[in-house]
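Visitor: following is a predicted model, sequence given first.
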Amino acid sequence: MNALRPLTLCLALFACSLASADEARPLAADPLTEQRLLAITSELRCLVCQNETIAASNADLANDLREQIRGMIQAGKNDDEIIDFLVMRYGDYVLYRPPVKTITLFLWGGPLLFFIMGIFGLRHYLVRRNRQITASDALSDADKRLAEALLAGDDAPTAPHPSKTPQS
Amino acid sequence: MNNKYIWILVAFALLVVLLGYGLTLNPREIPSPFIGKAAPEFSLPQLGKEATFAPADLQGKVWLLNVWASWCPSCRVEHPVLVDLAKRDVLPIVGLNYKEVRGDGALDSSKIAPEEEKQLATERAQKWLTQHGDPYALSVLDLDGRVGIDYGVYGAPETFLIDKAGVIRFKQIGPITPEALETTLLPLIAELNQ
């Protein structure tokens, strides 16, 4: 009996795998195809549920398109051919990564433009702040006299100068 | 200092204008890449006939390809406009019956056998046309929606205006409204028919 146990286990597992393979046939028929299908359709926008990918959408059209793309993968088409097929029919709209064209130049160049504007803004701000600091830190004649007097070891004049409080 | 606030206000106003303009656009209207391109070829069985139809059959004529199905509520809305257009007899209207059976969410199409599907689609489509009037010179059955995909259809109704050379000149997404017919479609048809 003990000797038979591995065999029964194997049989049981085999039966299990048969059962599950039967249920999931359309998906598991060719894992490589499904993997590529998922990779391609995750980059494509569904036209019906516009904020979903074709991979994620449950819309009828998304289903049809997945079926069509599955067929194209099995027919040996490469990713670019498949994506061109969809762009030809639905336009750049299906692409989550729009191509660089004159019309999308601002879209792609915008972030860089804003970055450069930010750098200039920052520079402008820093230069102005620097100027303000040096201007406000310049000693007035009275302060200078006070400092010189202190450095010379004389007693400070009776009243501290009112123009320089620590807060200012 | 005041100057600075004015600039912020100007930037804000520009943003409001930009976003406000965005609100007036219809996100469902995706510009078709087919305008100015040849209408994709197909050959599909005609509704209720043995014959097939291909776009090349209408070469030399200006014609309309209207995507419809009996399960599509907007097609019902659009239908009187098409019937009206057909009465004016300015051009042939070809109906592309799109996924008559498979597109109907109320039917479980996986339980319907392929030969039954065509039968059922024909019955449903013909019943609908008898009920609401038939503006079509002919209709073709696109049971699996493959031709629909070739035309970039993503929701019925959609209508393509095709010129004498077989080039798509205009696409209406959603129902043709009476205004769209008068202001856009009819003038364009007259121009193309010259």
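Guide: Received it, and whenever you're ready, just let me know what you need. On a predicted model such as this, the values are computed, not experimentally measured, just so you know.
Visitor: backbone torsions only: list them for the residue nearest the centre of chain A.
Guide: In chain A, the residue lying closest to the centroid (Cα atoms, centre = their mean) is A:Arg97, at 11.8 Å. Per-residue torsions, A:Arg97: phi -110, psi 90 (degrees, to the nearest 10).
Visitor: near residue 31, how many other residues are there?
Guide: No chain was given, so I picked chain A. 9 (other Cβ atoms under 10 Å in any protein chain shown). Placement of C-beta: from N, CA and C, glycine included.
Visitor: to clarify, I was referring to chain B.
Guide: Neighbourhood size, B:Pro31 [other Cβ under 10 Å]: 12.
Visitor: isn't it up against A:Gly91?
Guide: Yes - if you go by Cβ atoms under 8 Å, B:Pro31 and A:Gly91 touch, sitting 6.0 Å apart.
Visitor: alpha carbons only: can I get stretch B:20-35 in PDB?
Guide: C-alpha atoms of stretch B:20-35 as PDB (Å, rounded to 0.1, in the frame of the first residue of the first chain):
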ATOM      1  CA  GLY B  20     -13.500  75.600 -19.900                       C
ATOM      2  CA  TYR B  21     -12.800  74.900 -23.600                       C
ATOM      3  CA  GLY B  22     -12.000  71.300 -22.600                       C
ATOM      4  CA  LEU B  23     -15.400  70.900 -21.100                       C
ATOM      5  CA  THR B  24     -17.100  71.800 -24.400                       C
ATOM      6  CA  LEU B  25     -15.400  68.900 -26.200                       C
ATOM      7  CA  ASN B  26     -17.000  65.500 -26.400                       C
ATOM      8  CA  PRO B  27     -14.500  62.900 -25.300                       C
ATOM      9  CA  ARG B  28     -16.500  60.200 -27.000                       C
ATOM     10  CA  GLU B  29     -15.800  61.700 -30.400                       C
ATOM     11  CA  ILE B  30     -12.400  60.300 -31.300                       C
ATOM     12  CA  PRO B  31     -11.100  61.700 -34.600                       C
ATOM     13  CA  SER B  32     -11.200  59.000 -37.200                       C
ATOM     14  CA  PRO B  33      -8.000  58.200 -39.000                       C
ATOM     15  CA  PHE B  34     -10.000  57.100 -42.000                       C
ATOM     16  CA  ILE B  35     -11.000  60.500 -43.300                       C
END
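Visitor: chain center to it: distance?
Guide: Distance of stretch B:20-35 from its chain centroid, counting by Cα atoms, centre = their mean, to the nearest Å, is 16 Å.
Visitor: what's the answer for stretch B:84-95, then?
Guide: Distance of stretch B:84-95 from the chain centroid (Cα atoms, centre = their mean) equals 14 Å.
Visitor: and it, how far apart are its ends?
Guide: Using Cα to Cα, to the nearest Å, one end of stretch B:84-95 lies 15 Å from the other.
Visitor: any idea of the mean pLDDT for it?
Guide: Computed over stretch B:84-95, the mean pLDDT rounds to 93.
Visitor: the residue nearest to the centre of chain A: what's it in contact with?
Guide: Going by Cβ atoms under 8 Å, 6 or more residues apart in numbering or on different chains, A:Arg97 touches A:Glu43.
Visitor: and it, how far from A:Glu43?
Guide: Per Cβ to Cβ, to the nearest Å, A:Arg97 is found 7 Å from A:Glu43.
Visitor: quick check, pLDDT for A:Pro162.
Guide: On pLDDT, A:Pro162 comes in at 54.
Visitor: low-confidence ranges, chain B, go.
Guide: Across chain B, the ranges flagged by pLDDT under 70 are B:1.
Visitor: and if we set it to 90?
Guide: Within chain B, the set of residues satisfying pLDDT under 90 comprises B:1-5, B:25-33, B:48-50, B:102-117, B:154-156, B:193-194.
Visitor: what does chain A give?
Guide: Residues of chain A meeting the criterion pLDDT under 90: A:1-35, A:46-52, A:57-61, A:63, A:91-93, A:97-104, A:107, A:130-168.
Visitor: the same query, at a cut-off of 50, please.
Guide: Applying pLDDT under 50 to chain A flags residues A:1, A:10, A:13-25, A:168.
Visitor: interface residues of it facing chain B?
Guide: A:47-48, A:50, A:60-61, A:64-65, A:68, A:87-93 (Cβ under 8 Å from any Cβ of the partner chain).
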